[in-house]
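sequence and predicted structure below; questions after.
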Amino acid sequence: MQAQTHSNPVEDTITRAREGAKTMRAVVQRAYGSTETLQLDQIAQPQVEAEQVLIEVHAAGLDRGVWHLMTGKPYLLRLMGFGVTRPKNPVPGADVAGRVVAVGRDVTRFAVGDEVFGIARGSYAEYAVADASKLAHKPESISFEQAAVASVSGITALQALTEVGKVEPGQHVLVIGASGGVGSYAVQLGKALGARVTGVASAAKAELVRSLGADDVIDYATTDYLDGSASYDLIVDIGGRNSLRKLRKALTRTGTLVIVGGEGGDRWTGGISRQLRAPLLSLFTSQRLTMFISAERQSYIERLAEYMDRGEVTPTVGQTYRLDQVPQAIDDLVAGRAQGKSAIVIR
């Protein structure tokens, strides 16, 4: 009996490159770990399937999810299909903006030459494939860099406010983590939806949050903003570590809490314990305590594009980095040096 072998996706793409396939520069990762596991390499271009699009990447976005997938933590991620012992997708990056260079046989909404943005598989490369169902046409009013930092964070904020939070005009919304990727969109979308928005951020990033349209900005280092002195109809807590007890204290009697992501916690489940407990606790109170997992749907990306095209939402590009500076970009994000969302500029 012949021994069974398991292919390595990184080595497969390098082998195809050596065999004459079209190649590209890309950031690749052969194992879970720190940014030291990332290398800039020459690999074969990805091939499009029937319902996919090949994009010439102009820029890509960076969010906290990239770090989680790089480190493989919490370990629950690995069991969710992202690769048990090493990343299933060897090229990191999801947010993407660029031009279409090839389409699959079943794709009808996009054509070669179209400027698009959305969510791809491995956007830290000169070319990336994306499902046509996760792309939209890029508004002419924004740059590739702005479009590249929009999709993942923008549609998460949109769903948190509308589908889950069910925000209404005139309501008072508290955005915890207002200067970050999701938070910067939540502030702008909240205002566009007619709410009064208070943002929580560090003093160093307060001016950024004000420029996004926040009615009030709170410095979390000097103010106990969950002491109950102010009540909010909707709290969007992005990656926070506040207890459910404290968050409930700052909600109105029938207010809604939406937990988006979570940091801290143990290495197995990370910071999702609050998300798991919130819906259960909600059964015993008049307050709505919720969590959700963002859905990567074309309809949300297109709605976000409409807000951007009308000028109601402007993507906040923080620092920009070259493809070979991806490790530095991730380190800066984790260290809290990023404002808004960082962009990886490839063309």
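The structure has been received and is ready for your questions. Numbering: from 1, shown residues only.

so which strand or helix has residue 68?
helix 64-71 (DSSP states H and E).

let me fix that: residue 56
strand 52-61.

CA-only coordinates of stretch 241-259, as CSV, when you get a sec.
This file holds the C-alpha atoms of stretch 241-259, laid out as CSV (Å, rounded to 0.1, in the frame of the first residue of the first chain):
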residue,chain,number,x,y,z
ARG,A,241,-13.2,43.8,27.9
ASN,A,242,-15.9,45.5,30.0
SER,A,243,-18.1,43.2,32.1
LEU,A,244,-21.7,42.6,31.2
ARG,A,245,-22.7,44.0,34.5
LYS,A,246,-21.0,47.4,33.9
LEU,A,247,-22.3,47.6,30.3
ARG,A,248,-25.9,46.9,31.5
LYS,A,249,-25.6,49.7,34.0
ALA,A,250,-25.1,52.2,31.2
LEU,A,251,-28.0,51.0,29.1
THR,A,252,-31.6,52.3,29.3
ARG,A,253,-34.2,49.9,30.7
THR,A,254,-35.0,48.6,27.3
GLY,A,255,-31.6,49.4,25.7
THR,A,256,-29.6,47.1,23.4
LEU,A,257,-26.0,45.9,23.8
VAL,A,258,-24.2,44.6,20.7
ILE,A,259,-20.8,42.9,21.4
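
give the rounded mean pLDDT of it.
The pLDDT scores in stretch 241-259 average 95.

what comes up buried for it?
Buried residues in stretch 241-259, counted by 16 or more other Cβ atoms under 10 Å: 242, 244, 247-248, 250-251, 255-259. For every residue, glycine as well, the C-beta is placed using N, CA and C.

which stretches of the stretch 151-300 of the chain have low pLDDT?
Within the stretch 151-300 of the chain, the segments meeting pLDDT under 70 span 262-271.

show the residue spans covered by the helices in it.
Remark: helices assigned in the stretch 151-300 of the chain by DSSP state H, counting those that start in this stretch are 151-159, 181-192, 206-211, 244-249, 273-282, 298-309.

export those to TSV and tack on distance to residue 336?
As requested, these are arranged in TSV below (distance: least, Cβ to Cβ, whole Å):
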stretch	distance to residue 336
helix 151-159	16
helix 181-192	13
helix 206-211	13
helix 244-249	22
helix 273-282	21
helix 298-309	26
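
from the ones you listed, which stretch is densest packed?
Burial of these is given as mean neighbour count (mean count of other Cβ atoms under 10 Å); helix 181-192 ranks first at a mean of 28.

which other helices and strands contact it?
In terms of contacts (3 or more Cβ pairs under 8 Å, 6 or more residues apart in numbering; DSSP states H and E), helix 181-192 is packed against helix 151-159, strand 172-176, strand 196-201, helix 206-211, strand 232-238, helix 298-309.

okay, angle between the third one and helix 181-192 too, please.
Which is strand 196-201. 160 degrees (axes from the mean of the first three to the mean of the last three Cα atoms, to 10 degrees).

name every strand pairing with strand 196-201 and say which way it goes.
Strand 196-201 has the following sheet partners, assigned by DSSP bridges: strand 172-176 (parallel), strand 216-219 (parallel).

buried stuff in the last one?
This points to strand 216-219. In strand 216-219, counting by 16+ other Cβ under 10 Å, buried: 217-218.

tell me how far it is from the chain's mean position?
24 Å (Cα atoms, centre = their mean, to the nearest Å).

and if you look at the longest one?
Mean C-alpha position of strand 172-176 versus that of the full chain (Cα atoms, centre = their mean) differs by 19 Å.
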